[in-house]
Structures are given as C-alpha cells and as structure tokens.
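Undergrad: Quick one, structure for this:
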Amino acid sequence: MQDSTLFDGKTCSKCGSWKPFAEYHKDKYKPDGYTSGCKICRNLSTLDWFYKNQDRCNEKSKEWYYQNYDRSLKNSANYKATHRETIRADYLSSEGKAKKRQYWSTRTEKRAKVKRDFFTRHPGLATEYQRGWRARNPESCRAIGRRKSHQRRARELAGGSYSESDWKLLCVAYGHICLCCKEAKVLTVDHVIPIKRGGPNTIENLQPLCKPCNLKKGIKDTDYRWLSYDEIGIGTGAILQSEEI
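TA: Numbering: from 1, shown residues only. Here you go, the predicted model:
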C-alpha cells in the first residue's frame with residue numbers, strides 16, 4: 001500500500017510552493033496535522049535565527065552543559081565511541097588542523113589552564129604526554145630549547161624578559177612566516193636592536209625570523225616589522241628602533 005502523504009499536500013506558507021505532506025513536519029495542533037512551512041523553509045528559518053542570536057544560544061548551551069555535566073560527558077563519550085574514524089579523519093585533515101590552530105591561537109591562557117587542570121587531575125599522564133609530544137615534534141623541541149637558551153643568555157647580558165604567550169601571539173600576528181624572506185619556516189627569536197648593541201630582551205624588541213635570515217642579519221639593526229604592538233595587543237605599543245634609523 002502506497003503512502004498517501006506522497007500524493008496529498010499543500011502550499012508552503014514561506015516559499016509558496018506546493019509540496020506533499022512528506023515534506024512537512026507533523027503538528028498535532030494544526031487542522032491538517034502538519035506545519036504551515038515545509039521542512040526546508042523551517043530549517044533555513046531556524047539557522048537564520050541561530051546566527052542572529054548566536055551569543056544567546058552559546059550562553060544557553062553553556063548553562064545546560066554545566067547543569068547536566070555528567071550527562072554531557074556521557075553523551076560526548078558515546079559520540080566519540082561511535083564516530084571515532086570520522087573524528088580522527090577530520091582531526092588529521094589540513095582543514096581540521098587549521099581550525100584547531102586558529103581556535104587556540106587566540107586562547108593561549110585558556111589552553112594553558114585546560115592543560116594544567118587536566119594534569120592536576122591525572123598526574124601520571126603528564127610525563128607520558130610530554131614524552132610522546134617530544135617524540136612527535138623533535139624539531140619543535142629543538143626550537144624551544146634554543147629559544148630558552150637564548151632567553152637565558154639574553155637575561156644575563158641585557159636583562160628584561162618576555163612571556164612565551166607573547167612570543168606566540170607575535171608569530172600568529174605575522175602569520176607564522178619569517179619577516180625577512182616571507183616564507184613559512186621554523187621561526188627563531190631575533191632582537192631588532194642586538195643585545196650586543198644595547199638592545200633590551202623584551203617583546204617590543206623582538207621579531208620572528210628563520211634561522212638563515214637571523215644569521216644573515218647578524219648584529220645589524222634591520223627592522224622587518226610592519227605592525228605596531230598596539231595592533232597586535234602586546235607590549236607597550238611602541239616599536240623600538242635604534243638611534244641610527
């Protein structure tokens with residue numbers, strides 16, 4: 001027996017098109033038992049309302065999440081268990097990595113707090129996580145080691161300091177490229193006014209350069225930056241320059 005909803009229908013109140021009842025949601029309060037707008041129009045209307053009231057929806061979602069914390073964790077675990085391959089494929093894709101990088105680049109403090117809270121609750125996993133991360137990111141480990149050594153030497157010679165989050169924000173502001181060759185490479189810390197010439201070891205005197213460009217610059221005071229620190233949102237807002245410039 002054929003479904004009569006495929007042949008019976010009505011005109012959608014939103015788009016004005018005639019559609020069979022199968023294209024409408026059921027509504028027991030309507031005389032014919034179906035909504036006045038078709039499924040497509042109602043979905044578009046819902047999406048439009050969501051984007052216009054995104055902040056309100058986010059607040060409601062957060063409120064529900066904290067009021068139903070255990071249920072939220074259970075739902076999340078069930079979803080991850082049944083969609084493991086899809087999540088992994090999305091996570092490892094270039095688009096997924098870009099989204100993750102963009103999200104956390106503006107939430108450095110939140111990311112640090114999330115990690116601290118997690119390892120406080122699971123102290124045994126901290127060492128295992130760090131060992132695994134070093135194995136997966138040998139070049140980043142070497143870069144971090146060089147930067148820490150550089151900072152230690154700079155503090156001894158010139159004084160001053162800068163935070164790791166400020167350095168990361170500076171790199172993000174310039175799109176993770178070397179300011180000299182304009183290529184995406186492993187970045188090193190360069191002092192615009194070299195420490196040997198009296199430059200301070202502060203974020204206002206730093207610029208990200210790749211290792212070859214850093215070595216080529218040497219002790220010259222070449223400034224490749226084009227953004228002020230007011231635009232980036234760190235430091236005092238001034239770009240330091242030598243007296244010769």
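
Undergrad: which element is Cys178 on?
TA: Assigned by DSSP states H and E, Cys178 belongs to neither a helix nor a strand.

Undergrad: Tell me the spacing between the nearest residue to it once chain neighbours are set aside and Gly199.
TA: With Cβ to Cβ, 6 or more residues apart in numbering as the measure, Cys210 is the residue that lies nearest to Cys178, at 4.0 Å, once sequence neighbours are left out. Using the backbone N, CA and C atoms, a C-beta is placed for each residue, glycine as well. Here the criterion is Cβ to Cβ, to the nearest Å. By it, Cys210 lies 20 Å from Gly199.

Undergrad: do Trp226 as well
TA: Relative to Gly199, Trp226 is positioned 19 Å away (criterion: Cβ to Cβ).

Undergrad: Over to Arg56?
TA: Taking Cβ to Cβ as the measure, Arg56 falls 49 Å from Gly199.

Undergrad: Compare the two (neighbour count), which wins?
TA: Ranked by neighbour count (other Cβ atoms under 10 Å), Arg56 and Gly199 place Gly199 first, with 22 against 11.

Undergrad: Check Thr11 and give its pLDDT.
TA: Note for Thr11: predicted pLDDT of 91.

Undergrad: Mark out where each domain of this structure begins and ends.
TA: 8-80, 160-232 (automatic domain parsing).

Undergrad: Need the winner for burial among the ones you listed.
TA: Counting by mean count of other Cβ atoms under 10 Å, domain 160-232 has the highest mean neighbour count of these, with a mean of 17.

Undergrad: chain center to that one, what's the gap?
TA: Here domain 160-232 is found 22 Å from its chain centre; the criterion is Cα atoms, centre = their mean, to the nearest Å.
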